[in-house]
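**Q** Next one to model:
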Amino acid sequence: LVTLVPPAVLAGGHGVPVCQTVQRAGEFVVTWPRAYHAGFSHGWNVGEAVNFGTADWVPMGRAALNDYQHGVGKRDSIFS
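**A** Residues are numbered from 1 along each chain as shown. The predicted structure follows:
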């Protein structure tokens with residue numbers, strides 16, 4: 001189940017930093033570890049996403065794995 005919250009609610013009512021961008025052809029958008037992101041497509045397009053991480057992201061990945069395995073956020077583990 002996915003729930004989207006309007007950015008104005010997050011920023012205005014809860015003090016969560018919110019930013020937006022428009023991605024054009026040939027551009028990349030990098031989302032940092034532990035950041036939430038969502039997208040919306042306007043019109044006809046072909047979308048592609050690639051997940052990658054540098055070596056200094058490994059500790060954050062391990063922390064995320066631990067969170068998933070122990071049900072933090074009430075989500076079942078997606079890893080065995």
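**Q** contacting residues for the residue of the chain most remote from its centre?
**A** Ranking residues of the chain by C-alpha distance from their mean position (C-alpha atoms, centre = their mean) puts Trp44 at the top, at 23.2 Å. By C-beta atoms under 8 Å, 6 or more residues apart in numbering, the contact set of Trp44 is empty. Glycine gets a C-beta too; all of them are placed from N, C-alpha and C.
**Q** Report pLDDT for it.
**A** Confidence at Trp44, expressed as pLDDT, is 82.
**Q** Share the number of residues neighbouring the nearest residue to Pro33 once chain neighbours are set aside, please.
**A** Of all residues not flanking Pro33 in the chain, Met60 sits nearest, at 4.1 Å (C-beta to C-beta, 6 or more residues apart in numbering). When neighbours are counted by other C-beta atoms under 10 Å, Met60 registers 13.
**Q** what does Tyr68 give?
**A** Neighbour tally, Tyr68, other C-beta under 10 Å: 15.
**Q** Please identify the helix or strand for it.
**A** helix 58-69 (DSSP states H and E).
**Q** Only the buried residues of that helix, if you could.
**A** Within helix 58-69, no residue counts as buried by 16 or more other C-beta atoms under 10 Å.
**Q** before we move on, what about stretch 21-41?
**A** Buried, per 16+ other C-beta under 10 Å, within stretch 21-41: nothing.
**Q** Just the CA trace of stretch 10-17, in PDB.
**A** Provided in PDB are the C-alpha atoms of stretch 10-17 (Å, rounded to 0.1, in the frame of the first residue of the first chain):
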ATOM      1  CA  LEU A  10       4.600  17.800   5.000                       C
ATOM      2  CA  ALA A  11       6.400  21.200   4.700                       C
ATOM      3  CA  GLY A  12       3.800  23.400   6.300                       C
ATOM      4  CA  GLY A  13       2.300  21.200   9.000                       C
ATOM      5  CA  HIS A  14       5.300  19.000   9.900                       C
ATOM      6  CA  GLY A  15       8.400  20.900   9.100                       C
ATOM      7  CA  VAL A  16       9.700  18.300   6.600                       C
ATOM      8  CA  PRO A  17      12.000  19.800   4.000                       C
END
